[in-house]
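> pasting the structure only:
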């Protein structure tokens, strides 16, 4: 296979730490562990810059990847998020170190495809819509609790008024 991404890094993203692998010739310690706090994310991005990395692939479950993704994108890296289930098809890797090295190797050969990531404006709009949906759901539950409490107190307000929220 031909190596397509010579300046590639692989990151195994976790809730408390991120394991990062770069090509072995870029640093005396080509696999390093960084914390998940903001200062750690900037240190990770700085190290990748020192190692002359252009493109980064990361695997994550949950939302732990979002702050790191944003920091790396802000610093000008080409960042791809991959589905962990597609990478896990090859058996034998049991540690975070091996995972990030495997990601780096696969990305070097161009064998990983990034997940769909909408534009920033769409992400902001989606978060607003999710928040609105949660607030509407919470308000609905609150009304249901009020109706139940009134019924338990034998106040038949719902028999007289069609919408108790309009009182």
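Happy to help now that I have it. Just so it is clear, the structure is predicted and the values come from calculations on it, not from any experiment. Numbering: from 1, shown residues only.
> pLDDT wise, what is the residue nearest the centre of the chain at?
Centroid-nearest residue in the chain, with Cα atoms, centre = their mean: residue 65, separated by 3.1 Å. In this prediction, residue 65 carries a pLDDT score of 93.
> Do I have it right that it meets residue 14?
No. Using Cβ atoms under 8 Å, residue 65 makes no contact with residue 14, being 9.8 Å away. C-beta here means a position set from N, CA and C on the backbone, and glycine is covered the same way.
> which regions of this protein sit below the pLDDT cut-off?
Applying pLDDT under 70 to the chain flags residues 85-94, 167.
> can I see the domain layout of it?
Domains of the chain are assigned by the TED database as 8-109, 120-159.
> Please identify the deepest-packed of the ones you listed.
When the domains of the chain are scored by mean count of other Cβ atoms under 10 Å, the highest mean neighbour count falls to domain 8-109 (a mean of 17).
> For that one, measure first residue to last.
The straight-line separation of the ends of domain 8-109 (Cα to Cα, to the nearest Å) is 9 Å.
> how far is it from where the chain is centred?
Centroid displacement of domain 8-109 relative to its chain, using Cα atoms, centre = their mean, to the nearest Å, is 12 Å.
> same deal with stretch 105-124?
Per Cα atoms, centre = their mean, the centroid offset for stretch 105-124 relative to its chain is 11 Å.
> re earlier: if we ignore the residues flanking it in sequence, what's nearest the residue nearest to the centre of the chain?
For residue 65, ignoring the flanking residues on the chain, the nearest one in space by Cβ to Cβ, 6 or more residues apart in numbering is residue 13 at 4.8 Å.
> Give me the distance between that neighbour and residue 58.
In this view, residue 13 and residue 58 are 5 Å apart by Cβ to Cβ, to the nearest Å.
> residues shared between the contacts of these two?
Counting by Cβ atoms under 8 Å, 6 or more residues apart in numbering, the shared contacts of residue 13 and residue 58 are 65, 68.
> Can you spell out which residues form a bridge with the residue nearest to residue 65?
residue 18 (DSSP bridges).
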